[in-house]
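Asks: Fold the following, please.
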Amino acid sequence: MTAPEPDAAADQLDEAARLFGTYAGELREALTSVRALVADVAADWPDPTGAAWVDRADLLRRDLDRHVDDAADLAARATRAAADPASGPLLAGTDARRVEPGTGMRIATLPER
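Replies: Below is the predicted model of the structure:
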């Protein structure tokens, strides 16, 4: 198995960041529509049944708001990952060279005070 080309991986991450940004924008538009719907239902249907529908629509609004935040976070993460060419773990190759200098076992220690 060969490693992907660094430029190809960066291009894929850039594309992912663009798509997540677009997705976040579309969700923001839907969120605006749901907010308007909640306001309209609350104004036009002031009885207990209307209040129940307002509560349901508000749950949808909060869920969309959470998804907008998640999509924006994923877009930011993909952008940061695309900017860092050495993202991911270092794996040993087949050329018998050490990935990191040093030999032997490393024992975890606590920082000195």
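
Asks: Of all residues in the protein, which one is nearest the centre?
Replies: Of all residues in the chain, the one closest to the mean position by CA atoms, centre = their mean is Leu74, 1.9 Å from it.

Asks: Do I have it right that that one meets Thr22?
Replies: No: under the contact definition of CB atoms under 8 Å, Leu74 does not touch Thr22, with a separation of 11.7 Å. No exception for glycine: its C-beta is placed from N, CA and C like everyone else's.

Asks: OK, contacts around the residue nearest to the centre of the chain?
Replies: Shown here is Leu74, whose contacts under the criterion CB atoms under 8 Å, 6 or more residues apart in numbering are 16, 20.

Asks: so it is in which element?
Replies: helix 48-83 (DSSP states H and E).

Asks: So which bits of that helix are buried?
Replies: 54, 57-58, 61, 64, 68, 71-72, 74-75, 78-79, 81-82 (16 or more other CB atoms under 10 Å).
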